[in-house]
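Trainee: Would you be able to build a 3D model of this:
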Amino acid sequence: MKRIIKTITILLLLTACSKDHSDFLEGVTRQAAVTYLVTPNGLGDNGYNDAAAQGIFSFIIETFTPVRMLQPQDTTQAEQMYRQWLTDNADKDSAVLILGSSVYEQMARRVPVTLFGKGSRVLLFESSARIDGLSTVKVSRYGASYLCGAMSGGFDALILSAVRNNPLLDESIMGFMAGYNAHHQEGKNAQVLYLADDESGWAMPDSAYRMMARRIRSSSTFREMVFPLLGGSDIGVLRAMNDEQNNLGLVIGMDVDQSALSPRVPFSMIIHTGQVLHDYLKDWLSGRDWPASRTLDMSQGAAQIMLHPSFYRHNTLMDYEYRDPDTFLNLYNRFIDEAVSKEQEYENN
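Mentor: Predicted coordinates for the structure are as follows:
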């Protein structure tokens, strides 16, 4: 995935400067340029980070705007790149930098934004903080997570989180637990486990695999619904669910449609990261202002639960709890309005 993204970036840069588009480049976009500072070890996660990159690429294809992608090894290198970008673009017109996740929130608070060129901006994604000199935008996970929890009430549930004390993950955990506690069957329980105590938890697929495989093997009949909040580590959970096929457990797809990665994914929690970034970039290129801070949610189409009818066409070992092919459709229809309402209550508190 990383090699593909780098190749596409080079091709798009060459395309943007070709003579075929010289008339277009004489307009507003002649000086416009986008830089994307990705999360360390983020690309290739088959989830949030790849969806963000796809949204940026779709904007580039439409507008032929040059793009540069910065891929730091860690947050220390990311801050060096951020400071250098601010220095290099202090007086340039129409330069935009996207900070790819809430991992960069403390850095954004610490390093002042000094941009004097017309149309130059910084966008911090997945944060609702108000920070001088830049804009923030977040997709709320609470409502979609609530719906996942409510739809999992017939199972014991396992929440696997990449790290502790991460506001975005904590929001998902709270939402899932609220829906689960409101609708779980008597005798069913939910547990939260953490993969790591620091940001390394986002990129530990082997550890996630071992944790998940041990859990399945330790049970005579594994029947849990797994809610993975793991970023790039998520692939380890999916591999374990595939390898340990004599189990009745299920896993919720995360961020994107993950039904093709495992036959044990009955539905996915979709976060429309790419579309949000695409829309922000189009507004920027058109000269429209960005709000200082903005939160999008299910009611605005930024998050959704996608059911996978193909789940019932796989040769998957089924439990009585979900053997009926309308099981998850019925649960979705039963709880969707409640989830939207609960999300509004959460955001208004």
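
Trainee: So which elements touch the helix ranked longest in the chain?
Mentor: In the chain, assigned by DSSP state H, the helix with the most residues is helix 327-348. Helices and strands touching helix 327-348, by 3 or more CB pairs under 8 Å, 6 or more residues apart in numbering; DSSP states H and E, are helix 142-151, helix 167-183, strand 303-307. Just so you know, the C-beta spots here come from the backbone N, C-alpha and C atoms, and that holds for glycine as well.

Trainee: how about a cut-off of 7 Å?
Mentor: Packing partners of helix 327-348 (3 or more CB pairs under 7 Å, 6 or more residues apart in numbering; DSSP states H and E): helix 142-151, strand 303-307.

Trainee: Residues touching stretch 145-156, excluding its own?
Mentor: Stretch 145-156 has contacts (CB atoms under 7 Å, 6 or more residues apart in numbering) with 172, 175-180, 182-185, 188-189, 223-225, 227, 252, 269, 305, 321, 328, 331-332, 335-336, 339, 342-343.

Trainee: coming back round to it: and the longest helix of the chain, which residues are buried?
Mentor: 327-328, 331-332, 335-336, 338-340, 342-344, 346 (16 or more other CB atoms under 10 Å).

Trainee: May I see these organised as CSV, with pLDDT and distance to residue 63 added?
Mentor: CSV is the format used below for the buried residues of helix 327-348 (pLDDT from 0 to 100; distance: CB to CB, whole Å):
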residue, pLDDT, distance to residue 63
327, 96, 44
328, 97, 39
331, 98, 41
332, 98, 36
335, 98, 40
336, 98, 35
338, 98, 40
339, 98, 36
340, 98, 33
342, 98, 38
343, 97, 33
344, 96, 35
346, 96, 36
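
Trainee: quick one: which of those is nearest residue 276?
Mentor: The shortest gap between residue 276 and any of those belongs to residue 343, at 16.5 Å (CB to CB).

Trainee: how much space between the closest residue to that closest one other than its chain neighbours and residue 176?
Mentor: Closest residue to residue 343 apart from its sequence neighbours, by CB to CB, 6 or more residues apart in numbering: residue 143 at 2.9 Å. According to CB to CB, to the nearest Å, residue 143 and residue 176 sit 11 Å apart.

Trainee: Please export the C-alpha coordinates of stretch 63-73 as CSV.
Mentor: Output of stretch 63-73 as CSV, limited to C-alpha atoms (Å, rounded to 0.1, in the frame of the first residue of the first chain):
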residue,chain,number,x,y,z
THR,A,63,-8.3,19.4,-9.7
PHE,A,64,-4.7,18.5,-10.6
THR,A,65,-3.5,20.1,-7.5
PRO,A,66,0.1,19.1,-6.5
VAL,A,67,0.5,17.1,-3.4
ARG,A,68,3.3,16.1,-1.1
MET,A,69,3.1,13.3,1.5
LEU,A,70,5.2,13.4,4.6
GLN,A,71,5.7,10.0,6.3
PRO,A,72,7.4,10.4,9.7
GLN,A,73,8.8,7.4,11.6
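
Trainee: what about the strands in this structure?
Mentor: Taking DSSP state E, the strands of the chain run over residues 33-37, 67-70, 95-99, 121-125, 135-139, 157-161, 190-194, 225-229, 250-251, 253-255, 267-271, 293-296, 303-307.

Trainee: give me the low-pLDDT residue ranges for this structure?
Mentor: 1-31, 41-42, 44-48 (pLDDT under 70).

Trainee: circling back to that earlier point, TSV for the strands of the chain, including mean neighbour count and distance to residue 51?
Mentor: Compiled in TSV, the strands of the chain are given as follows (neighbours: other CB atoms under 10 Å; distance: least, CB to CB, whole Å):
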stretch	mean neighbour count	distance to residue 51
strand 33-37	22	13
strand 67-70	18	15
strand 95-99	24	13
strand 121-125	23	11
strand 135-139	22	11
strand 157-161	23	20
strand 190-194	15	24
strand 225-229	27	15
strand 250-251	26	18
strand 253-255	26	6
strand 267-271	23	7
strand 293-296	16	14
strand 303-307	19	12
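
Trainee: Would you mind giving the ones you listed as JSON lines with distance to residue 283 added?
Mentor: Formatted as JSON lines, these follow (distance: least, CB to CB, whole Å):
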{"stretch": "strand 33-37", "distance to residue 283": "13"}
{"stretch": "strand 67-70", "distance to residue 283": "17"}
{"stretch": "strand 95-99", "distance to residue 283": "11"}
{"stretch": "strand 121-125", "distance to residue 283": "10"}
{"stretch": "strand 135-139", "distance to residue 283": "10"}
{"stretch": "strand 157-161", "distance to residue 283": "33"}
{"stretch": "strand 190-194", "distance to residue 283": "37"}
{"stretch": "strand 225-229", "distance to residue 283": "29"}
{"stretch": "strand 250-251", "distance to residue 283": "36"}
{"stretch": "strand 253-255", "distance to residue 283": "23"}
{"stretch": "strand 267-271", "distance to residue 283": "20"}
{"stretch": "strand 293-296", "distance to residue 283": "11"}
{"stretch": "strand 303-307", "distance to residue 283": "20"}
